[in-house]
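In: Give the three-dimensional model of this entry:
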Amino acid sequence: MLYMVLETYKDGAAPEIYRRARERGRLMPEGLRYVSSWVDHDFQRCFQLMETEDASLFDPWIQAWADLVDFEVIPVRTSAEAAQIMKGDS
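Out: Down below sits the predicted model:
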């Protein structure tokens, strides 16, 4: 299942976030897969597409970053999947 993760960086945390990521990696548990990400131009938010079959795996990952980032985890589907579901609806 796909999830869009909205990360809101705490004030001034961007340099520390990137330092930690360089030194320790993404800190994701086995079974939680990073797909892609985008960062706004002000280094205040990151939008990450993640994949897992077990949403509880977000908990340890979020805990590893909670001192620097606030998270919103949103289950999503592809546009093609949405179109297939809506096929036949008028």
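In: give the contact list for the residue nearest to Glu16 when sequence neighbours are not counted.
Out: Spatially, and ignoring its direct neighbours in sequence, Glu16 is nearest to Leu68 (5.8 Å; Cβ to Cβ, 6 or more residues apart in numbering). Where you see a C-beta, it was placed from the backbone N, CA and C, and this is true even at glycine. Counting by Cβ atoms under 8 Å, 6 or more residues apart in numbering, Leu68 touches Tyr9, Lys10, Ala13, Glu16, Ile17, Arg20.
In: With neighbour count added, can I get the residues you listed in a markdown table?
Out: Listed next are the contacts of Leu68 as a markdown table, based on neighbours: other Cβ atoms under 10 Å:
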| residue | neighbour count |
| --- | --- |
| Tyr9 | 21 |
| Lys10 | 14 |
| Ala13 | 18 |
| Glu16 | 13 |
| Ile17 | 18 |
| Arg20 | 17 |
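In: Now the two most distant members of those residues.
Out: In the contacts of Leu68, the most distant members under the criterion Cβ to Cβ are Lys10 and Arg20, with 12.8 Å between them.
In: Nice, that's everything, thank you.
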